[in-house]
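Peer 1: Next come a sequence and a model predicted from it.
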Amino acid sequence: MMTLTLPQLRAWLSAFARDVLDDHDRLNALDAATGDGEHGSNLARGAAAIQDALAEDRDEDIATLLRSVGMAIVNSVGGASGALYGTLFLRLSDHGSGRDAWSTNDLHAAFGDALRAMCELGRVREGDRTLIDALAPAVAQLSTHRDAPVAESCEAAALAAAAGAQRTAQLKPRAGRGAYASGRAGGHVDAGAASMSLLFAALSRATCA
C-alpha cells in the first residue's frame with residue numbers, strides 16, 4: 001500500500017496509547033535514572049486522553065484527528081512531555097487538512113516539521129539524550145524511503161527509532177533536569193526516547209495491518 005489511511009492512523013494512535021499504558025512502569029524506571037521517575041505515569045494520562053478522543057464517533061480528516069489528540073495530550077500531561085508530544089501531534093495535524101490519507105512523502109514532511117518545532121521548543125538537538133534521539137533517525141529514514149510503500153518506510157523508521165533510543169544509554173544528558181544528574185545516566189536508555197520508539201513501533205504495526 002502506498003498510502004497511510006485514516007483508519008490506519010486511528011489504529012496507530014490506539015496502539016500507541018495501549019502500549020504506553022502497558023509499559024508505563026518501565027518508562028518510569030528509566031526516567032528515575034536522571035529525572036523524577038514519572039515519565040511513564042505522565043504519558044499514561046495522555047494515553048488515556050488519547051483513548052477518550054478516539055472514542056468520539058465523528059467524521060474527520062487527518063487534521064481533525066491529530067489536532068484532537070494533540071490537544072488531549074496538552075490538556076492532560078504536564079511538563080516537558082506534554083509540551084513536546086502535544087507539539088508533535090499538533091504539527092502533524094498541520095499537514096492533514098482535508099486529507100484522508102498520507103503518502104510516505106507526506107509522512108516525512110509532517111514528521112520533519114514536528115521535529116524542527118520540538119527541537120526549537122525544547123532547545124535540544126540530536127545527541128542531547130532526549131526523545132529527539134529516537135525521532136530524528138526515524139525522520140531520516142522516512143526521507144530515505146519517501147518513494148517506498150508506507151509499510152516499508154514506517155518499518156525502517158521504527159527500527160531507526162529503536163536503535164536511536166538504545167544509543168541514548170551511551171549519551172550524557174545535556175538538557176532539562178537530566179543534565180544535573182548526568183552521572184546516573186550511564187547504561188540507561190532515555191525514557192523519552194523509549195516512549196518515542198513505542199510511537200514508531202505502533203505506527204509500523206498499523207501500516208502492516
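Peer 2: Sure, I can see it. Numbers count the residues shown, from 1 in each chain.
Peer 1: Give me the neighbour count for Pro7.
Peer 2: By the criterion of other CB atoms under 10 Å, Pro7 has 12 neighbours. C-beta coordinates here come from the backbone N, C-alpha and C atoms, glycine included.
Peer 1: Dump stretch 77-94 to CSV, keeping only the CA atoms.
Peer 2: Extracted in CSV, the C-alpha atoms of stretch 77-94 (Å, rounded to 0.1, in the frame of the first residue of the first chain):
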residue,chain,number,x,y,z
VAL,A,77,0.1,15.8,30.5
GLY,A,78,2.2,18.4,32.3
GLY,A,79,5.8,19.4,32.0
ALA,A,80,8.1,18.8,29.0
SER,A,81,6.5,15.6,28.0
GLY,A,82,3.1,17.2,27.5
ALA,A,83,4.5,20.2,25.6
LEU,A,84,6.7,18.1,23.3
TYR,A,85,4.2,15.3,22.5
GLY,A,86,1.5,17.9,22.2
THR,A,87,3.6,19.9,19.7
LEU,A,88,4.3,16.7,17.8
PHE,A,89,0.7,15.9,17.1
LEU,A,90,-0.3,19.5,16.5
ARG,A,91,2.4,20.0,13.9
LEU,A,92,1.5,16.7,12.3
SER,A,93,-2.1,18.0,12.1
ASP,A,94,-1.0,21.0,10.1
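Peer 1: what does the average pLDDT come to for it?
Peer 2: For stretch 77-94, mean pLDDT is 95.
Peer 1: In that stretch, which residues have enough neighbours to count as buried?
Peer 2: 77, 80-93 (16 or more other CB atoms under 10 Å).
Peer 1: What is the nearest of those to Val150?
Peer 2: Leu92 (14.8 Å; CB to CB).
Peer 1: doesn't Leu107 make contact with Ile62?
Peer 2: No. Ile62 sits out of contact with Leu107 when judged by CB atoms under 8 Å, with a separation of 10.8 Å.
Peer 1: picking that back up, of all the buried residues of stretch 77-94, which two lie farthest apart?
Peer 2: Farthest pair in those, by CB to CB: Ala80 and Ser93, 20.2 Å.
Peer 1: neighbours of Leu54, just the number please.
Peer 2: Leu54, neighbours per other CB under 10 Å, totals 17.
Peer 1: before we move on, what about Leu115?
Peer 2: 19.
Peer 1: Not counting its own residues, what contacts the helix or strand containing it?
Peer 2: Using DSSP states H and E, Leu115 falls within helix 104-122. Residues from elsewhere that reach helix 104-122 (CB atoms under 8 Å, 6 or more residues apart in numbering): 2, 4, 80, 83-84, 87-89, 91-92, 94-96, 99, 102, 124-125, 130-132, 135-136, 138-139, 142-143, 145-150, 153-154, 175-176.
Peer 1: Show me which of the buried residues of stretch 77-94 is closest to Ala191.
Peer 2: The shortest approach to Ala191 among the buried residues of stretch 77-94 belongs to Ser81, at 8.9 Å (CB to CB).
Peer 1: tell me which element that closest one falls in.
Peer 2: Secondary structure (DSSP H and E) places Ser81 in helix 79-93.
Peer 1: Kindly report the same for Leu4.
Peer 2: strand 3-5.
Peer 1: Perfect, I'm done here.
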